[in-house]
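[1] sequence unknown, structure follows:
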C-alpha cells in the first residue's frame with residue numbers, strides 16, 4: 001500500500017512561490033502587459049520602427065515572465081492532484097512521477113527565486129557581452145574562442161536570441177575579441193556576474209614541450225540601452241574608421257567598407273561593429289554601445305567618488321573570478337563563490353546555470369552586508 005506524503009515539501013514550495021510572486025508584484029506585471037499590449041495594437045505603431053521594436057520586445061519579455069510564473073503555479077496544483085491519485089490508485093508509477101516533478105519544481109523555483117534578486121537599475125535589459133583575449137599567446141586567443149562558444153551554447157540551451165556584432169580573429173588560433181548581444185529578459189542581470197578575468201590552465205596544444213600553460217581572457221558585460229540619451233558625444237571626441245568586414249583568416253566576406261570602428265579619444269574606449277550590412281547601421285549600433293559604456297563609466301566614477309568621501313571600502317569582484325583546470329584534476333572553480341564543477345567539458349558546452357546562480361546570490365549577499 002502506497003502512502004505518499006509530500007505535503008510538507010509542497011507547502012514549502014508554495015511558501016517560496018508566494019514570496020517570489022510578492023517580490024515580482026504580479027498585479028503590476030499584468031498591468032504593464034495590458035498597457036504594452038494596447039501600445040502594440042496601435043495602428044501607427046510601425047511608423048516608428050525603433051519604438052515599435054522597443055514596445056514589442058518589452059511586451060514579449062513581460063509575457064514570458066508572467067507565463068513562467070503561471071506555469072509553476074499550475075504545476076504545483078497538478079502535483080497535489082498527482083499525489084492524491086497515486087495514493088487512491090495505489091500506483092507506484094504515479095508516485096515516482098510525483099517525486100520527479102517535486103524535484104523539478106524545486107529546481108524551477110530556485111531559478112525563479114534567483115531572478116527576484118535581479119533588482120539592479122539595468123538588470124532586466126538585454127546584454128552585450130565582449131570577450132577579449134589576454135596574456136598567453138595562441139592559448140589565450142583559443143581560450144577566448146572557447147569562452148565565446150560556452151556563452152553561445154548557454155544562450156542556445158535557454159533559447160535566447162543571440163546576435164554576434166563583431167569578431168576579431170587571431171592570426172593563429174581563436175579570436176582576439178568578440179562582441180555579441182543576448183536578447184532575453186534579465187540577460188544583463190544574469191550575465192553580469194560573468195564579468196571579470198577568466199584563467200585557463202592546461203597542457204598547451206600549441207607547444208611541443210608538453211608544459212602547463214596559463215592563459216587569460218576578460219569578459220565584459222553591459223546592458224543594451226535602447227537610447228543612451230543621458231550621454232552626449234561631441235563629434236570632435238570620436239574618431240571613426242571604416243574597413244571591410246572579414247572572417248577567419250582575413251578572407252573578405254564583404255565587398256564594401258561597411259564595418260565601423262569608433263574610438264572615443266578622451267577615454268580611449270574603442271567599439272567595432274561589422275554585423276550589419278551597411279556602414280550607417282554599423283555606425284549607429286557602435287554609437288549606441290559607446291554611449292552605454294560611457295554612461296556606465298560615468299556612474300562608476302560617481303560611485304567611486306561617493307565611496308571615497310564616505311571613507312569605506314566594499315568588496316570588489318577582483319581581477320580573477322574563475323579558473324578552468326584542464327590538466328590533472330579536471331575542475332572549474334569560481335574564486336568568489338566557491339562553486340565548482342568537476343566536468344569542464346560540460347561547462348564549456350554551456351552548463352553555466354549553477355555558476356551564474358551562485359554568483360547572483362553572492363552578489364546579493366555582499367550588497368545586503370554593505371547596506372546593513
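    Arrived safely. Small disclaimer: the values here were computed from a predicted structure and weren't measured. Numbers count the residues shown, from 1 in each chain.

[2] Once you drop chain neighbours, what's closest to residue 125?
    Spatially, and ignoring its direct neighbours in sequence, residue 125 is nearest to residue 223 (4.0 Å; Cβ to Cβ, 6 or more residues apart in numbering). To be clear about C-beta, it is placed using only N, CA and C from the backbone, and glycine gets the same treatment.

[3] any idea how far that neighbour is from residue 260?
    Distance, residue 223 to residue 260, using Cβ to Cβ, to the nearest Å: 21 Å.

[4] higher neighbour count, these two?
    residue 260 (26 against 22; other Cβ atoms under 10 Å).

[5] Low-confidence regions, the stretch 151-300 of the chain specifically.
    208-209, 226-230, 245-256 (pLDDT under 70).

[6] so what's the residue nearest to residue 125 bridging to?
    residue 127 (DSSP bridges).

[7] so what's it up against?
    The contact partners of residue 223, by Cβ atoms under 8 Å, 6 or more residues apart in numbering, come to 122, 123, 125, 126, 127, 128, 188, 292, 296.

[8] ok, so of those, who is nearest residue 67?
    residue 126 (18.4 Å; Cβ to Cβ).

[9] burial count for the closest one?
    When neighbours are defined as other Cβ under 10 Å, residue 126 has 23 of them.

[10] Without its sequence neighbours, what residue ends up closest to it?
    residue 224 (4.0 Å).

[11] Need phi/psi at that neighbour.
    Main-chain torsions, residue 224, degrees, to the nearest 10: phi -80, psi 120.

[12] and if you look at residue 167?
    phi -140, psi 130.

[13] same thing with residue 106?
    Reported as degrees, to the nearest 10, the phi and psi values for residue 106 are phi -60, psi -40.

[14] residues contacting the residue nearest to it when sequence neighbours are not counted?
    Nearest non-adjacent residue to residue 106, counting by Cβ to Cβ, 6+ apart: residue 13, 6.8 Å away. Residue 13 sits next to 76, 102, 105, 106, 109 when contact means Cβ under 8 Å, 6+ apart.

[15] residues near the fourth one, how many?
    In this case it means residue 106. Residue 106 has 14 nearby residues by other Cβ under 10 Å.

[16] What ranges does the stretch 51-200 of the chain have for its strands?
    127-133, 162-169, 175-182, 196-203 (DSSP state E, counting those that start in this stretch).

[17] Could you export those strands as TSV, including mean neighbour count and distance to residue 286?
    Below are the strands of the stretch 51-200 of the chain laid out as TSV (neighbours: other Cβ atoms under 10 Å; distance: least, Cβ to Cβ, whole Å):
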stretch	mean neighbour count	distance to residue 286
strand 127-133	25	11
strand 162-169	18	9
strand 175-182	21	10
strand 196-203	19	24
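
[18] want to throw those strands into CSV with distance to residue 23?
    Putting these into CSV (distance: least, Cβ to Cβ, whole Å) gives the following:
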stretch, distance to residue 23
strand 127-133, 22
strand 162-169, 28
strand 175-182, 24
strand 196-203, 27
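
[19] Indicate which one of the ones you listed is closest to residue 28.
    Here strand 127-133 is closest among those (Cβ to Cβ), at 23.7 Å.

[20] how distant is the closest one from the center of its chain?
    Chain-centre distance of strand 127-133: 11 Å, with Cα atoms, centre = their mean, to the nearest Å.

[21] I'd like the mean pLDDT over it, please.
    The average pLDDT for strand 127-133 rounds to 92.

[22] Same check on stretch 45-61?
    So the average pLDDT for stretch 45-61 ends up being 84.

[23] And that stretch, what's buried?
    Across stretch 45-61, burial judged by 16 or more other Cβ atoms under 10 Å covers 52, 55, 57, 58, 59, 61.

[24] of those residues, closest to residue 265?
    Closest to residue 265, out of all of those and judged by Cβ to Cβ, is residue 57, at 32.9 Å.

[25] and the closest residue to the closest one other than its chain neighbours, how many residues sit next to it?
    Nearest non-adjacent residue to residue 57, counting by Cβ to Cβ, 6+ apart: residue 183, 7.2 Å away. Residues lying near residue 183 (other Cβ under 10 Å) number 18.

[26] so residue 183 sits right up against residue 129, yeah?
    No. With contacts counted by Cβ atoms under 8 Å, residue 183 stays clear of residue 129, the gap being 11.6 Å.
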